[in-house]
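Enquirer: How does the following fold in three dimensions:
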Amino acid sequence: MLNSRRNKRGAKPRNKQTGIVAHSFIAATLGGIACLPASALAQTPSPLGEWQYSVGVPLQKMYQENIPDWQVRLGAATSFQPRFEGSDRYHVVAGPSIDVRYKDLFFLSSGEGLGVNFARGENWRMTLAAVYDLGRRGQDDPQELNGLGNINFAPGLKLSGEYVVSKDFPLVLRADIRRYFGGSNGWIGDFGAYMPMPGSTKKFFWFAGPNVSLADSKYMNAWWGVNQEQAAHSQYSQYHASAGFKSVGFGISAIWLFNKHWFATADGAFEQLVGGAGNSPITRSRATGVADVSINYRF
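Expert: A predicted model of the protein is given here:
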């Protein structure tokens, strides 16, 4: 069943490529592991696409008949990322990678937060989760952020939805909206899509797709605006960051299975800041990226 190299004579070729990808994903998920994010500080704003925090999860139940009631994965991750969103200077951060799921209902994840799939079907799910934003501190980059003050840690709520086109064409469409209470005190939303890529095997599989983000004026001005007080204490002139598109990007996520319990993940993403974020005097580089890896253990 998993041998995608054999083609029967007379078979229609129109789904050959997607069939290979789907069969490779079946081979990988038979081990009981869906691809999971590896970012060390997952809720901190970064060039990672929002879809990369839950990559592969909505596909698992389509290809694996018997999913355990409990799925627990713990690991350690490290990330090479900008000092702040829009920075041209990078640093390395490290932290835990956590993912605990009960059936297709509750989850606790360093990427997705603490939440519930309150509505779901075979190829879709709607999720409500408690999330957080670690904010931004002047000490993250004193050279560029001096005088701007801090964006404090803030809890938030995230409403998201994911839809898989079909088993033969496993394109995942995702949308989410988040509201933070404190910190930026604003709204931000994302639209993205991804699918498993050719070249996946029983021990390795990978995903790729684009992402676009929008935000309201409160969020945009917290991160990229410069008010009168900040202008008086920093190197920047006053600037108002308008609501609208924040960024466009593209990401790749991959997983390597070593054995039944141990696996590694890697994520990479490119982001182009646009609109009020891209034009901000705080932004030193509109084009930024991130790369992270993690080593994980599945119980």
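
Enquirer: show me where the chain has strands.
Expert: Ranges of strands in the chain, per DSSP state E, are 70-82, 90-102, 106-109, 113-121, 124-133, 154-164, 172-180, 187-196, 204-215, 244-257, 262-273, 287-298.

Enquirer: which other helices and strands contact the shortest one?
Expert: Judged by 3 or more CB pairs under 8 Å, 6 or more residues apart in numbering; DSSP states H and E, the packing partners of strand 106-109 are strand 90-102, strand 113-121. To be clear about C-beta, it is placed using only N, CA and C from the backbone, and glycine gets the same treatment.

Enquirer: Relative to the whole chain's centre, how far out is the last one?
Expert: Just to be clear, that refers to strand 113-121. Strand 113-121 has its C-alpha centroid displaced from the chain centroid by 17 Å (CA atoms, centre = their mean, to the nearest Å).

Enquirer: And the strands of the chain: which comes nearest residue 53?
Expert: strand 106-109 (7.5 Å; CB to CB).

Enquirer: sorry, back to before: need the strands of the chain in CSV with mean neighbour count, mean pLDDT and distance to residue 53, can you?
Expert: Output for the strands of the chain, formatted as CSV (neighbours: other CB atoms under 10 Å; pLDDT from 0 to 100; distance: least, CB to CB, whole Å):
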stretch, mean neighbour count, mean pLDDT, distance to residue 53
strand 70-82, 19, 93, 12
strand 90-102, 16, 92, 10
strand 106-109, 18, 94, 7
strand 113-121, 16, 95, 9
strand 124-133, 18, 95, 10
strand 154-164, 19, 96, 10
strand 172-180, 20, 97, 9
strand 187-196, 21, 96, 10
strand 204-215, 21, 96, 11
strand 244-257, 21, 96, 9
strand 262-273, 21, 95, 9
strand 287-298, 20, 94, 12
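
Enquirer: Residue 144 is nearest to which of those strands?
Expert: strand 70-82 (10.7 Å).

Enquirer: Which strands border that closest one, and is each parallel or antiparallel?
Expert: strand 90-102 (antiparallel), strand 287-298 (antiparallel) (DSSP bridges).

Enquirer: Using CSV, write out the CA atom coordinates for stretch 114-132.
Expert: Extracted in CSV, the C-alpha atoms of stretch 114-132 (Å, rounded to 0.1, in the frame of the first residue of the first chain):
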residue,chain,number,x,y,z
LEU,A,114,-3.6,26.0,26.0
GLY,A,115,-6.8,25.3,24.1
VAL,A,116,-9.7,23.2,22.9
ASN,A,117,-10.8,22.1,19.5
PHE,A,118,-14.4,23.2,20.1
ALA,A,119,-15.7,22.2,16.7
ARG,A,120,-14.1,19.6,14.4
GLY,A,121,-14.6,17.2,11.5
GLU,A,122,-12.5,14.7,9.6
ASN,A,123,-10.7,17.4,7.6
TRP,A,124,-11.2,20.5,9.7
ARG,A,125,-11.1,22.0,13.2
MET,A,126,-11.9,25.2,15.0
THR,A,127,-9.8,26.1,18.0
LEU,A,128,-9.9,28.5,20.9
ALA,A,129,-6.7,28.9,22.9
ALA,A,130,-5.1,30.9,25.6
VAL,A,131,-1.8,32.3,24.4
TYR,A,132,0.9,34.8,25.4
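
Enquirer: Let's have the strands of the chain in JSON lines, adding distance to residue 231.
Expert: Listed next are those as JSON lines, based on distance: least, CB to CB, whole Å:
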{"stretch": "strand 70-82", "distance to residue 231": "23"}
{"stretch": "strand 90-102", "distance to residue 231": "27"}
{"stretch": "strand 106-109", "distance to residue 231": "39"}
{"stretch": "strand 113-121", "distance to residue 231": "35"}
{"stretch": "strand 124-133", "distance to residue 231": "24"}
{"stretch": "strand 154-164", "distance to residue 231": "24"}
{"stretch": "strand 172-180", "distance to residue 231": "24"}
{"stretch": "strand 187-196", "distance to residue 231": "24"}
{"stretch": "strand 204-215", "distance to residue 231": "22"}
{"stretch": "strand 244-257", "distance to residue 231": "22"}
{"stretch": "strand 262-273", "distance to residue 231": "21"}
{"stretch": "strand 287-298", "distance to residue 231": "24"}
